[in-house]
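> What follows is a predicted structure for the sequence shown.
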Amino acid sequence: MPTLNRKVIIVLLASLIPGSGSILQSAHAQVVCEEEVDENAMRMNYTLYAEYWRNKNWTDSIPYLRWILKCAPGFPGNSDRNFERAVDVYEGLAMESDSVEIRRSYLDSALYIHDIAVPSLKDVGIDASLFFWYFSKGRFLQSHADDLDDFQDDIGPLYRKAYDLNTDVLDKYYINYIILDYVQKDLKTDAIDFMDDVEIRMSDNPEIEPMLDDWRGRLFTSPDERIAYLEDGLADDPDNVTIVSELFELYRDEEMRDKVYELAPRLMELDPSASTVRLVAKMRLDDGDAETAIELYTESLGMPDGKSAAREVHYNIGVAEQELERFSRARASYRRALREDPNFGSALIAIGDLYQTAVQECGSFEREDRAVYWLATDYFNRAAARDANVVVQARQRASRLRELYPSAEDKFFQDWKTGDKYTIDYGCYMWIGETTTVR
């Protein structure tokens with residue numbers, strides 16, 4: 001194999017003098033290409049540098065590689081392979097040197113390669129991936145943080161450019177790096193805008209949403225900050241359903257009722273989905289507008305995907321009917337919820353509570369009134385047995401009712417014997433029509 005002559009060595013050493021720029025920049029201009037580049041010359045220079053490159057003989061590869069980059073950058077195959085190998089060469093030379101100054105000069109040359117690869121190839125009609133070279137340069141700067149500490153602020157913007165060109169290729173690490181870079185530079189608004197973009201463009205990535213939620217938790221120290229940010233965004237983009245939906249929920253959570261009602265029509269217009277209707281219905285129910293809540297909940301059941309939350313919808317209709325003191329209708333709705341899920345403990349508890357309320361409404365508290373508590377207890381016991389989520393509250397309710405049961409004297413006068421069946425279907429309890437057991 002040919003070796004470098006003395007003249008080449010002198011040129012390389014001279015290029016390391018401080019202030020002379022990168023090795024490649026200072027030496028690149030020395031290469032002169034013929035107007036019509038001979039294919040034999042291309043093959044010779046390519047073969048020589050490639051052999052030295054494979055053997056990691058970086059120094060000997062340089063003159064031939066430099067010629068290829070200047071005179072035949074895409075040879076062979078019209079790719080950016082030669083520029084990638086040039087990065088290897090200058091990085092390899094840098095790592096072999098104990099001199100900080102020499103190492104930095106070689107690394108600068110590798111950075112220069114990153115900058116000229118795409119335009120150099122474009123000049124000769126060859127397409128190259130701008131994404132790859134932005135991403136590669138960011139990785140390169142990270143890998144040599146100690147020697148290239150003055151370039152570290154460039155990494156985040158490089159990854160952001162890569163993201164904009166090809167979102168799907170970047171994984172969670174690089175998305176997190178971009179956000180962190182914005183935050184460390186006190187560019188909070190840019191970080192938030194970027195996260196909103198990521199949430200839309202990378203919605204299929206299960207790792208992304210938890211990371212974004214974590215960042216938002218750190219960036220927004222109070223709901224007021226998030227609300228202010230979203231309100232600014234809504235002013236710029238009034239038909240953005242994502243912003244409207246989140247603002248609506250924040251207004252509701254912060255009990256900003258005037259703003260909730262102001263925003264509700266826009267949300268219904270922009271997102272006429274069953275979930276949106278349910279959201280507005282719940283707001284109406286919380287504010288005591290039970291009639292409107294029932295109308296909205298009923299409407300949601302007939303919408304696409306409305307049946308997906310049928311259990312909760314029927315339950316909430318029951319709550320609204322109970323607030324309107326339409327006890328029979330309330331129970332019918334709770335029963336519909338139980339048809340969706342027989343183990344729905346909250347609906348069973350709701351029926352037990354409904355029967356307690358009926359006793360209070362009837363108001364006489366005679367023996368026959370207090371017998372209704374046996375039936376209420378039946379429902380609390382069923383809830384505790386069927387639904388682990390409500391065991392404690394169901395048992396507490398059942399325990400409190402025991403002292404309200406008919407006394408032994410009451411049972412004696414009514415000829416009620418423990419264990420007998422007893423039907424609640426008289427007076428103002430006629431609508432109940434259920435059978436319980438004498439305690």
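Happy to help now that I have it.
> can you list the domain ranges for the chain.
Per automatic domain parsing, the structural domains of the chain span 1-128, 149-217, 342-439.
> Start and end of the shortest one, how far apart?
Pointing back at domain 149-217 there. Counting by CA to CA, to the nearest Å, you get 30 Å between the two ends of domain 149-217.
> By mean pLDDT, show me the worst of the domains of the chain.
Of all the domains of the chain, domain 1-128 carries the lowest average pLDDT, namely a mean of 82.
> just to revisit the earlier point, and Glu269, which of the domains of the chain is closest to it?
Comparison of the domains of the chain against Glu269 by CB to CB identifies domain 149-217 as nearest, at 20.8 Å. Every C-beta, even on glycine, is put in place using the N, C-alpha and C of the backbone.
> What backbone torsions are found at Ile424?
Main-chain dihedrals, Ile424, degrees, to the nearest 10: phi -100, psi 100.
> which ones are touching it?
Ile424 makes contacts with 371-372, 375, 432-436, as judged by CB atoms under 8 Å, 6 or more residues apart in numbering.
> Make TSV out of the residues you listed and add distance to Ala110 and neighbour count.
Below are the contacts of Ile424 laid out as TSV (distance: CB to CB, whole Å; neighbours: other CB atoms under 10 Å):
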residue	distance to Ala110	neighbour count
Ala371	89	24
Val372	85	22
Leu375	82	23
Ile432	84	21
Gly433	86	11
Glu434	83	16
Thr435	87	12
Thr436	85	21
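> if you skip the residues just before and after it, what's nearest to Tyr106?
Closest residue to Tyr106 apart from its sequence neighbours, by CB to CB, 6 or more residues apart in numbering: Ala94 at 3.7 Å.
> whoops, Tyr315 was the one
Ala337 (4.3 Å).
> How about the strand or helix carrying that neighbour, which residues are buried there?
Ala337 is part of helix 327-340, with elements assigned from DSSP states H and E. Within helix 327-340, the residues scored as buried using 16 or more other CB atoms under 10 Å are 327, 329-331, 333-334, 336-338, 340.
> Can you show me the strands along the protein?
For the chain, the strands defined by DSSP state E cover 421-424, 434-437.
> Of those, give the one that comes closest to Arg160.
It's strand 434-437; of these, that one is closest to Arg160 (CB to CB) at 65.8 Å.
> Quick one: residues contacting Asp80.
Counting by CB under 8 Å, 6+ apart, Asp80 makes contact with 74, 117-118, 121, 126, 128-129, 132-133.
> Pull out the buried members of those.
Buried members of the contacts of Asp80, scored by 16+ other CB under 10 Å, are 74, 117-118, 121, 128, 132-133.
> from the residues you listed, which single one is nearest Ala110?
Taking CB to CB as the measure, Ala110 sits nearest to Ala117 out of those, at 11.0 Å.
> Not counting sequence-adjacent ones, nearest residue to the closest one?
Residue nearest to Ala117 in three dimensions, not counting chain neighbours: Phe83, with 3.9 Å by CB to CB, 6+ apart.
> give me the number of residues near Ser97?
When neighbours are counted by other CB atoms under 10 Å, Ser97 registers 15.
> Report the contact partners of it.
103, 106.
> repeat that for 6 Å
Ser97 makes contact with Arg103, according to CB atoms under 6 Å, 6 or more residues apart in numbering.
> And it, how far from Arg386?
Ser97 sits at a distance of 75 Å from Arg386 (criterion: CB to CB, to the nearest Å).
> Likewise for Lys421?
22 Å.
> So what's the predicted local confidence for Asp287?
For Asp287, the model assigns a pLDDT of 88.
> Not counting its neighbours along the chain, what's nearest the residue nearest to the spatial centre of the chain?
Residue closest to the mean C-alpha point of the chain, counted by CA atoms, centre = their mean, is Glu209 at 1.8 Å. Setting aside the residues directly before and after it, Glu209 is nearest to Glu199 in space (CB to CB, 6+ apart), at 7.1 Å.
> what's the neighbour count on that neighbour?
Going by other CB under 10 Å, the residues that sit close to Glu199 add up to 15.
> What of Asp186?
Neighbourhood size, Asp186 [other CB under 10 Å]: 9.
> any idea how far it lies from Leu219?
When Asp186 is compared with Leu219 (using CB to CB), they lie 12 Å apart.
> just Phe380 next, same as before
45 Å.
> do Met211 as well
Separation of Met211 from Leu219 (CB to CB): 12 Å.
> for Arg400, same thing?
For Arg400 relative to Leu219 (CB to CB), the value is 46 Å.
> who's more crowded, these two?
Ranked by neighbour count (other CB under 10 Å), Arg400 and Leu219 place Leu219 first, with 18 against 13.
> How many neighbouring residues does the residue nearest to Ala117 have?
Quick note: Phe83 (other CB under 10 Å) scores 23 neighbours.
> And Asp154, by the same measure?
Neighbours of Asp154 (other CB under 10 Å): 15.
> Pull the contacting residues for it.
Contact analysis of Asp154 by CB under 6 Å, 6+ apart lists nothing.
> and what of Gly138?
Gly138 makes contact with 155, 158-159 under the criterion CB under 6 Å, 6+ apart.
> Just give the nearest non-adjacent residue to it, would you?
Nearest non-adjacent residue to Gly138, counting by CB to CB, 6+ apart: Leu158, 3.9 Å away.
> I'd assumed Trp133 was in contact with that neighbour.
No. Contact criterion CB atoms under 6 Å: Leu158 and Trp133 do not qualify, at 9.2 Å.
> Read off the pLDDT value for the nearest residue to His114 once chain neighbours are set aside.
The shortest distance from His114 to any non-neighbouring residue, by CB to CB, 6+ apart, is to Lys137 (4.1 Å). Per-residue pLDDT puts Lys137 at 98.
> okay, now Lys137: neighbour count?
Lys137 is flanked by 24 other residues according to other CB under 10 Å.
> how far away is it from Glu207?
Going from Lys137 to Glu207 by CB to CB gives 25 Å.
> What of Thr276?
Taken as CB to CB, the span from Thr276 to Glu207 is 28 Å.
> now do Val241
Per CB to CB, Val241 is found 25 Å from Glu207.
> Glu91 - nearest residue in space that isn't next to it in sequence?
Ala110 (5.2 Å).
> same question but for Gly233, I mixed them up
Ile243 (5.0 Å).
> Return the per-residue confidence for the one you found.
Listed pLDDT for Ile243 reads 88.
> Would you confirm that it contacts Asp232?
No. If you go by CB under 6 Å, Ile243 and Asp232 don't touch, sitting 9.6 Å apart.
> Compare these two (neighbour count), which wins?
For Ile243 and Asp232, the more surrounded residue by other CB under 10 Å is Ile243, and the numbers stand at 21 against 12.
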